[in-house]
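Trainee: 3D, please:
(chains A, B, C and D)
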There are 2 protein chains.
Amino acid sequence: MITVAIAEDHQSLIDGVELLLRYEEEIRIIGMANDGEELLYLVRRKQPKVVLMDIRMPKIDGIAATKIIKKELPHIKIIAFSMFDQEDAVRQMIAAGAEGYLVKNSPLEEVLKAIYEVMKGNTYYDATIDPSFFSGNTAQQIKKQVLSKSEREILTFIGQGKTTSEIAAIRFNSVSTIETHRKNIIRKLGLKGKGELLRYAIEKKYDF
Amino acid sequence: MITVAIAEDHQSLIDGVELLLRYEEEIRIIGMANDGEELLYLVRRKQPKVVLMDIRMPKIDGIAATKIIKKELPHIKIIAFSMFDQEDAVRQMIAAGAEGYLVKNSPLEEVLKAIYEVMKGNTYYDATIDPSFFSGNTAQQIKKQVLSKSEREILTFIGQGKTTSEIAAIRFNSVSTIETHRKNIIRKLGLKGKGELLRYAIEKKYDF
DNA sequence: ATGAAAATACCCGCTTATGGGTATTTTTTT
DNA sequence: AAAAAAATACCCATAAGCGGGTATTTTCAT
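Mentor: Coordinates of the predicted model:
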C-alpha cells in the first residue's frame, strides 16, 4: 500500500487527484494540507510514502518543506507540482531532493506514473522539462549518504546481531547514545522496529 | 573461546586433560563431572560448546547422556572417550550423535585435534577405529533436522523481520506458543537472543 | 566565527523479548 | 497400545526495545 499526502492550496487540483487515485487499489491518500506548515505536521505524524507537493504554498513553500522532510525523513518520496514551469523553482526542488516533478496541466495519469516510478526508486520528471535544467544533478546523484558515520557503524553492529548494550560497550558509549542512534536510523530509513532494522542491516549491508 | 566440560570418573584423566588445555588460549574448561547425572546438571547450566565424555560412568552412562544432551541442546559437540575400544559402545555413541571418539591411550594431543575438528563442524574418530564400524552412519549423516516443522516455519517468519505477535496472528496461535517455539529454537541452536536468532534466520535460511 | 550537522546522553511510559518453569493435547513412531 | 515427539499455552521476573521528547557538546564547513 502506497500512502500519499497532498499539499496544495487549490482545492480543484486536490479533487482531481483524489478522483484519480480513488480507483487505485495500491494507493491511499492519508491526508491533505493547504500550506507548508500543515504539510509538515501531517507528514511527521502519518509518514506517508509519497508527498505530492505544490511548490507555491503559504507559510512554508515547497522548496523549504522538501528540505525539511528530506532531512528528517529522507525515505519519503517527494513529487513536486507547479502551475507553470519555472526553471528556477524546478532546479531548487530537485536540489532539495525531490524525486519527481510534474506540471499541473499535464494529464492526471502522469501522477500515477510518477508515483509508481518514485516508489521503484527512480525519478520521474515531466517530459516538458528541458533536461539541461538539472545539468547532471538529479535527485539520484544528489542522494547523499542518508546515515551519518556513527549511524552506519552502529547499523553494521546491529547487522552482526549485537545488542544495544554490547554496541555501547564496544564503542565506549552509553546505552542511551546507541538507542538514540538506533532511533534516528529507524526514523531516517522509515523502518518499523528491530525486526525490520535488523533485516535491513543484514541484507543491505553494502549501501548505507 | 571454546568452553569444554569433562565427564570422567578417573581423576588422572581429568588432570591430564586439564594440564594439556591449560596452555590453549582458545579453550577453557568450565566444569567437570564424575557421573552422568552431574554432567547433565553441569551441561544444562553452563552450556559448554564441547563435552569430553567417558562412555562408562556411574548413574547415567555416556550413551544415555549423549542422547539426552543431543535432544535438548543439539548444538553441543560431544567427544567420547573409552579405555579400550569396544565396538558396540563406539557404535552406540556415534548413533547417539557423538561427533568425536577417542581412545584413552592415544596421545593427549589428539584431544586438541578432536576439539578443533568438531568445532569446525567436522567429526573426529580415532584412527584406530575400523571405519566399517559405523557403516556409513557417521554423526554427520545421522544429523537429522534439529528443528521441528513449526519451529522452521516460525524461524522463517522471524527471518522476515516479523514480530512474535505478528507471527501469532498469521498462524492463529497465541503469543505464548510462538514464544515457546522461539525459546526452543534458541535453545536448540545455542543462540543468545533475538539478535543472533534473527541473524541466523536470515543468513542460514536454507538449511534448517 | 558562526551556524549546521553530528554525536553524545538523558527523561518518561509502554510494549516486547528473554529465560526459567509447568502443563495439556495432539501427532507420530515404535 | 504405549511411548516419544511436537505443538499448544500459560506463569513469573527481569531485561531490552520503542517512540516521544530534550539537551549538551563536538565537529565540520562556510
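
Trainee: Regarding A:P48, what is its secondary structure?
Mentor: coil (DSSP: H, G, I helix; E, B strand; the rest coil).

Trainee: Please disregard the earlier target; I meant A:A5.
Mentor: Assignment for A:A5 (three-state DSSP): strand.

Trainee: My reading is that A:L52 lies in a strand. Confirm?
Mentor: Yes - according to three-state DSSP, A:L52 belongs to a strand.

Trainee: partner residues bridging it?
Mentor: With DSSP bridges as the criterion, A:L52 is bridged to A:I6, A:I79.

Trainee: distance of it from A:R91?
Mentor: Look at A:L52 and A:R91: by C-beta to C-beta, to the nearest Å, they are 19 Å apart. The way it works is simple: take the backbone N, C-alpha and C, and place the C-beta from them, glycine included.

Trainee: how's chain A carved up into domains?
Mentor: A:2-145, A:147-207 (automatic domain parsing).

Trainee: before we move on, back to that, which one of A:L52 and A:R91 is surrounded by more residues?
Mentor: Here A:L52 and A:R91 are compared on neighbour count by other C-beta atoms under 10 Å in any protein chain shown; more neighbours surround A:L52, at 26 against 17.

Trainee: For chain A, which residue gets nearest to DNA strand C?
Mentor: In chain A, no residue comes nearer to DNA strand C than A:S148, which is 2.6 Å away by C-beta to the nearest atom of the strand.

Trainee: Can you report how many residues lie near that residue?
Mentor: Counted by other C-beta under 10 Å, the residues lying close to A:S148 total 13.

Trainee: Could you list the contact residues of chain A toward chain B?
Mentor: A:158-163, A:193-196, A:198-199, A:202-203 (C-beta under 8 Å from any C-beta of the partner chain).

Trainee: could you redo the last one with a cut-off of 6 Å?
Mentor: A:G161, A:T163, A:G195, A:E196, A:L198, A:R199, A:I202 (C-beta under 6 Å from any C-beta of the partner chain).

Trainee: out of these, which are buried?
Mentor: A:G161, A:T163, A:G195, A:E196, A:L198, A:R199, A:I202 (16 or more other C-beta atoms under 10 Å in any protein chain shown).

Trainee: Go ahead and confirm the third one touches B:T164.
Mentor: No - under the criterion of C-beta atoms under 6 Å, A:G195 lies out of contact with B:T164, with a separation of 9.7 Å.

Trainee: coming back round to it: can you redo the domains of chain A as a markdown table with distance to B:S82 and mean pLDDT?
Mentor: A markdown table is the format used below for the domains of chain A (distance: least, C-beta to C-beta, whole Å; pLDDT from 0 to 100):
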| stretch | distance to B:S82 | mean pLDDT |
| --- | --- | --- |
| domain A:2-145 | 60 | 79 |
| domain A:147-207 | 38 | 83 |
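
Trainee: ok, back up a step: just to be sure, which of the buried ones among the residues of chain A next to chain B are found in helices?
Mentor: In this view, these that belong to helices under DSSP state H are A:G195, A:E196, A:L198, A:R199, A:I202.

Trainee: and the residue positioned nearest the centre of chain A, what does it touch?
Mentor: By C-alpha atoms, centre = their mean, chain A has its centre lying nearest to A:I76, at 2.0 Å. When contacts are counted by C-beta atoms under 6 Å, 6 or more residues apart in numbering or on different chains, A:I76 touches A:I69.

Trainee: Can you point out the buried residues in the lengthiest helix in chain A?
Mentor: The helix that spans the most residues within chain A, counting by DSSP H, is helix A:175-189. Going by neighbour count (16+ other C-beta under 10 Å), the buried part of helix A:175-189 is A:T177, A:I178, A:H181, A:R182, A:N184, A:I185, A:I186, A:K188, A:L189.

Trainee: For chain A, just list every one of the helices.
Mentor: A:11-22, A:36-46, A:62-72, A:87-96, A:109-119, A:139-142, A:149-159, A:164-171, A:175-189, A:194-203.

Trainee: circling back to that earlier point, ok, the residue of chain A closest to DNA strand C - contacts?
Mentor: Counting by C-beta under 6 Å, 6+ apart, A:S148 has no contacts.

Trainee: Go again with 10 Å.
Mentor: For A:S148, the contacting residues are A:I154, A:H181, A:N184, A:I185, A:K188, taking C-beta atoms under 10 Å, 6 or more residues apart in numbering or on different chains as the criterion.

Trainee: for A:G190, same thing?
Mentor: A:Q47, A:K49, A:L73, A:P74, A:H75, A:I76, A:E196, A:Y200.

Trainee: one step back: check the buried residues of helix A:175-189 one by one and keep those near DNA strand C.
Mentor: A:T177, A:H181 (C-beta under 7 Å from any atom of the strand).

Trainee: Put together JSON lines for the buried residues of helix A:175-189, with distance to A:I30 on each row.
Mentor: Below are these laid out as JSON lines (distance: C-beta to C-beta, whole Å):
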{"residue": "A:T177", "distance to A:I30": "33"}
{"residue": "A:I178", "distance to A:I30": "32"}
{"residue": "A:H181", "distance to A:I30": "28"}
{"residue": "A:R182", "distance to A:I30": "26"}
{"residue": "A:N184", "distance to A:I30": "23"}
{"residue": "A:I185", "distance to A:I30": "24"}
{"residue": "A:I186", "distance to A:I30": "20"}
{"residue": "A:K188", "distance to A:I30": "20"}
{"residue": "A:L189", "distance to A:I30": "19"}
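
Trainee: Which residues of chain A lie near DNA strand C?
Mentor: Looking at DNA strand C, the residues of chain A close enough under C-beta under 7 Å from any atom of the strand are A:71, A:148-151, A:171, A:173-177, A:179-181, A:195.

Trainee: 6 Å instead, please
Mentor: A:S148, A:K149, A:S150, A:E151, A:N173, A:S174, A:S176, A:T177, A:T180, A:H181 (C-beta under 6 Å from any atom of the strand).

Trainee: For the second one, give its distance to A:H181.
Mentor: In this view, A:K149 and A:H181 are 11 Å apart by C-beta to C-beta.

Trainee: Equivalent analysis for the fifth one, please.
Mentor: The gap separating A:N173 from A:H181 is 9 Å, by C-beta to C-beta.
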